[in-house]
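>>> can you look at this prediction? I've put the sequence above it.
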Amino acid sequence: MRPTNTPRGAVSVYQRGGVFDPVLHQGYEACQRAARTTEIEYAVSQLLPAPLRLAAWAVYGAARAVDDLVDVGADGAPAADRAARLEEWIAAFDADLRSGASTDPVRQALIHTMLTWSLPPSSMYLMFGALRGEAAGRQLATWQEWRDYSSLAWASLAQQIAWLFLKAAGVSTEPEALATAMPETVLAWQTMVDALHVTDALADLAEDLTRGHVSLPQEALDEAGVRRADLLNRRSTVAFESMVRRLAGQAHAGLGAATIPDLVHPLIKIPLDAYAGLYRLRLETVVGDPAALLHRRPVLPSGARRRLLAPARIRAALAWTLFPFPFHPGTTEPVLPVAPAPSTSSTGTGTVRPGDDVRTHWMKQPRADPTPHPSGARPPRLPDQDMPRHVAIIMDGNGRWATARGLPRAEGHRAGGEALIDVLHGALEIGLQYLTVYGFSTENWKRPTDELHTLMSELVERLRRLKDDCPPLDVRVRWAGLHSPLSPDMIDALTAVEHTTQHCRALTLTACVNYGGRAEITRAATRLAHEVAAGRLRPASISEHSFARYLHIPDLPDVDLLLRTGGDQRTSNFLPWQAAYAELVFLDTLWPDMDRRDLWRAVEQYAVRDRRYGSVPPPRPGVSRRIG
Ligand code: IPE
Ligand code: IPE
Ligand code: MG
């Protein structure tokens, strides 16, 4: 189904955002309609890249849907009915989240977004808690109650959006990591949210009065000497106007306190700056004519709005081309409150399971299973917690394998390519999420020209084959390494396979080609130094997390198991940052002799290792340990 507002042939925001399923599409459209009712949020969402824009609409649309259920006086329903409607919605959300699907279009879009971006359901539940109070028709008495409500309802919505932004920018969403990376931002967050809440309470005043409601706490009216009866009769007084000016001034200062650090990815900083700017404009409009607030919602002056948004649009478009997001949705497991029920069907229901490639799932592409090993061997079954998430392999020994057979070294590289395919199928069979292989190092340029020539053509050939084989296997291929001095042919092959497989998710295969660990770290340091020199980054704000954002693949997880074939026991400049705490396994097997069973055996070795990370964990009962 083509989106209604997209000309034939044009790629809609839904398609660019990875939404192809018609039912899901409808859900996102409903969320978009809800978002459209806001002036500022919708304008800012237009500055976001498509996947993030859809996610923001989904979160906003769902918040709006539940808020509408509890709105005081919206449809004259008594408090008990509003509360019952809310509980019904929450119960349905619980059930839908467990199954990963919904018959309600808005919840469908929300759940799709939550699974795609691994949004924690906790903030949704915080919001429900706040709305329960609202459904009961509770009038907030004090500023303290107001702030409590704000931190539950508003902050949890803001938190969902912030989580999306941080994920997209490749910043860790772990609270400690956030506090280290951006302490000022975390502290300023609540101040900013309070300021937004006050601004909207003023802007929504006329609409609230229509329903006989005043959302500001009674304490605010008492402090200013404003009588509720005057407000309900829409009578402007000196006290009312001065209250509006004072509250707007405080909100203005609150927005100013929350400066967005330059460290934040430009694709995030540009919309956030625009958001704060538009809210300031809203406050200026409010202060310009306080009495009018009693009768209508203030509309932003179109000239000023345009002056703010036009350059932001240009900057955002430029940033999209210059600084692509390091993170793509769906690369981490969603956080679910309970394990979802296994899905029996991969078509027609719109069910998304954790680990599914969401985009291709909706496209319902045919999937191919990994080919079994000719011996009929099956992978060992290991408990999830004992499985490595990320295995990295130094595929060494091609030359010796060939020489031992009286063959040219080139033959060893060709046979090595075949071994990789078998290992890839084995990695899929055992359910590995990340496999990273060392294909060519920055030091390998020292080899004789004819070997370089055959090595490169074998690699290009292999990449072309991966480009055809990987999409049906749901394998995403990514490249880590430097461009120069690779040939255009090689760069084409690498970027083509990356492009073709970008939405695959069962396994991520990272090909390290023209890769050197020191070169990677040096490049990251150079880029950081540029940021500091340009005044966009404070040296004190550099943390391990922020540093990792400058590596070739910022969201590549830490290596759990580093495997080297060929008998040598060294790491040869491979992933020094990511493998800092990896378990090492060295095999004498020459790489072309390696097959998936060697991988599985290495994984079994890994499964019985004790990973202590410097601490002293209690022994796990019932698990046998190898000695030595
Ligand atoms: C690994 O095999 C492949 C690459 C380094 C590209 P080698 O070519 O290093 O094989 P050996 O170590 O000489 O046997
Ligand atoms: C490491 O193997 C590089 C790759 C496997 C691509 P090498 O054969 O180049 O490693 P060293 O030089 O023996 O350490
Ligand atoms: Mg070697």
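Received the coordinates, thanks. Model, not experiment: these values are computed from the prediction. Ligands and ions are numbered 1, 2, ... in the order given.
>>> now do the contacts for the residue of the stretch 351-500 of the chain found nearest ligand 1.
Of all residues in the stretch 351-500 of the chain, G399 sits closest to ligand 1, at 2.9 Å by C-beta to the nearest ligand atom. From N, CA and C alone the C-beta is placed, and that goes for glycine too. Under the criterion of C-beta atoms under 8 Å, 6 or more residues apart in numbering, the neighbours of G399 are 409, 412.
>>> is it in a helix, a strand, or coil?
Look at G399: counting by DSSP: H, G, I helix; E, B strand; the rest coil, its state is helix.
>>> from R447, how far off is it?
9 Å (C-beta to C-beta, to the nearest Å).
>>> for F128, same thing?
For F128 relative to R447 (C-beta to C-beta), the value is 62 Å.
>>> now swap in L293 and tell me
75 Å.
>>> cool, and D81?
77 Å.
>>> for M127, which non-adjacent residue is spatially closest?
S156 (4.4 Å; C-beta to C-beta, 6 or more residues apart in numbering).
>>> pretty sure the one you found is in a helix, no?
Yes: with three-state DSSP as the criterion, S156 is located in a helix.
>>> ok, it - contacts?
Applying C-beta under 8 Å, 6+ apart, the residues contacting S156 are 123-124, 126-127, 130.
>>> from the geometric centre of the protein, which residue sits farthest away?
Most distant residue from the mean C-alpha position of the chain: G406, 50.9 Å away (C-alpha atoms, centre = their mean).
>>> on that earlier part again, between F128 and R447, who's got more neighbours?
Just comparing F128 and R447: by other C-beta atoms under 10 Å the higher neighbour count belongs to F128, 20 against 15.
>>> hang on, that one packs against A91?
No: F128 lies out of contact with A91 (C-beta atoms under 8 Å); the separation is 10.6 Å.
>>> my guess is L309 contacts A274, does it?
Yes: if you go by C-beta under 8 Å, L309 and A274 touch, sitting 6.5 Å apart.
>>> ranges for the strands of this protein?
With DSSP state E, the ranges of strands along the chain come out as 390-394, 434-441, 475-480, 507-515, 561-564, 583-586.
>>> put together JSON lines for those, with mean pLDDT, distance to V214 and mean neighbour count on each row.
Formatted as JSON lines, the strands of the chain follow (pLDDT from 0 to 100; distance: least, C-beta to C-beta, whole Å; neighbours: other C-beta atoms under 10 Å):
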{"stretch": "strand 390-394", "mean pLDDT": "98", "distance to V214": "55", "mean neighbour count": "25"}
{"stretch": "strand 434-441", "mean pLDDT": "97", "distance to V214": "54", "mean neighbour count": "23"}
{"stretch": "strand 475-480", "mean pLDDT": "95", "distance to V214": "53", "mean neighbour count": "23"}
{"stretch": "strand 507-515", "mean pLDDT": "96", "distance to V214": "53", "mean neighbour count": "24"}
{"stretch": "strand 561-564", "mean pLDDT": "98", "distance to V214": "61", "mean neighbour count": "24"}
{"stretch": "strand 583-586", "mean pLDDT": "98", "distance to V214": "62", "mean neighbour count": "18"}
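>>> check whether A35 really touches Y42, as I assumed.
Yes: counting by C-beta under 8 Å, Y42 is a contact partner of A35 at 4.9 Å.
>>> any idea how far the closest residue to P576 other than its chain neighbours is from L435?
Take P576 and drop its neighbours on the chain: the residue closest to it by C-beta to C-beta, 6+ apart is G517, 3.9 Å away. Going from G517 to L435 by C-beta to C-beta gives 18 Å.
>>> pull up the gap between H483 and ligand 2, please.
According to C-beta to the nearest ligand atom, to the nearest Å, H483 and ligand 2 sit 17 Å apart.
>>> could you give the number of residues near the closest residue to that residue other than its chain neighbours?
Nearest non-adjacent residue to H483, counting by C-beta to C-beta, 6+ apart: I491, 6.3 Å away. A total of 16 residues lie near I491 under the criterion other C-beta under 10 Å.
>>> wait, isn't I491 in contact with S484?
No: judged on C-beta under 8 Å, I491 makes no contact with S484 at a distance of 9.8 Å.
>>> okay, and the common contacts of these two?
With C-beta under 8 Å, 6+ apart, I491 and S484 have no common neighbours.
>>> got a pLDDT number for the residue farthest from the centre of the chain?
Reading off the confidence values, G406 has pLDDT 96.
>>> what residues are up against the residue of the chain found nearest ligand 2?
Closest residue of the chain to ligand 2, C-beta to the nearest ligand atom: S572 (3.6 Å). By C-beta under 8 Å, 6+ apart, S572 lies in contact with 394, 396, 438, 441, 443.
>>> which ones among those residues come in contact with ligand 1?
Filtering the contacts of S572 for proximity to ligand 1 by C-beta under 6 Å from any ligand atom leaves D396.
>>> what about stretch 481-500, near ligand 1?
No: against ligand 1, stretch 481-500 shows no contacts by C-beta under 6 Å from any ligand atom, the least distance being 12.5 Å.
>>> going forward, begin numbering at 21 instead of 1
Got it, the first residue is 21 from now on, which makes the last one we talked about stretch 501-520.
>>> how about the CA coordinates for that stretch, as PDB?
Extracted in PDB, the C-alpha atoms of stretch 501-520 (Å, rounded to 0.1, in the frame of the first residue of the first chain):
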ATOM      1  CA  GLY A 501      38.800  -0.700   7.900                       C
ATOM      2  CA  LEU A 502      40.400   2.200   6.100                       C
ATOM      3  CA  HIS A 503      39.700   3.100   2.500                       C
ATOM      4  CA  SER A 504      43.100   4.000   1.400                       C
ATOM      5  CA  PRO A 505      44.800   2.300  -0.500                       C
ATOM      6  CA  LEU A 506      42.100  -0.200  -1.400                       C
ATOM      7  CA  SER A 507      41.100  -0.400  -5.000                       C
ATOM      8  CA  PRO A 508      37.800   1.100  -6.200                       C
ATOM      9  CA  ASP A 509      36.700  -2.400  -7.100                       C
ATOM     10  CA  MET A 510      37.200  -3.600  -3.500                       C
ATOM     11  CA  ILE A 511      35.500  -0.500  -2.100                       C
ATOM     12  CA  ASP A 512      32.600  -1.100  -4.400                       C
ATOM     13  CA  ALA A 513      32.300  -4.700  -3.400                       C
ATOM     14  CA  LEU A 514      32.400  -3.800   0.300                       C
ATOM     15  CA  THR A 515      29.800  -1.000   0.100                       C
ATOM     16  CA  ALA A 516      27.600  -3.100  -2.200                       C
ATOM     17  CA  VAL A 517      27.400  -6.000   0.300                       C
ATOM     18  CA  GLU A 518      26.900  -3.600   3.200                       C
ATOM     19  CA  HIS A 519      24.000  -1.900   1.300                       C
ATOM     20  CA  THR A 520      22.300  -5.100   0.200                       C
END
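>>> what lies in contact with that stretch?
460, 462, 465, 476, 479-480, 483-484, 486-487, 490-491, 497-499, 531-536, 539, 543, 572.
>>> okay, now the domains of this protein?
Here the domain parsing of the chain from automatic domain parsing is 21-159+170-178, 202-345, 408-535+577-627.
>>> can you put those in CSV and add distance to P400?
Shown next, in CSV, are the domains of the chain (distance: least, C-beta to C-beta, whole Å):
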stretch, distance to P400
domain 21-159+170-178, 28
domain 202-345, 36
domain 408-535+577-627, 6
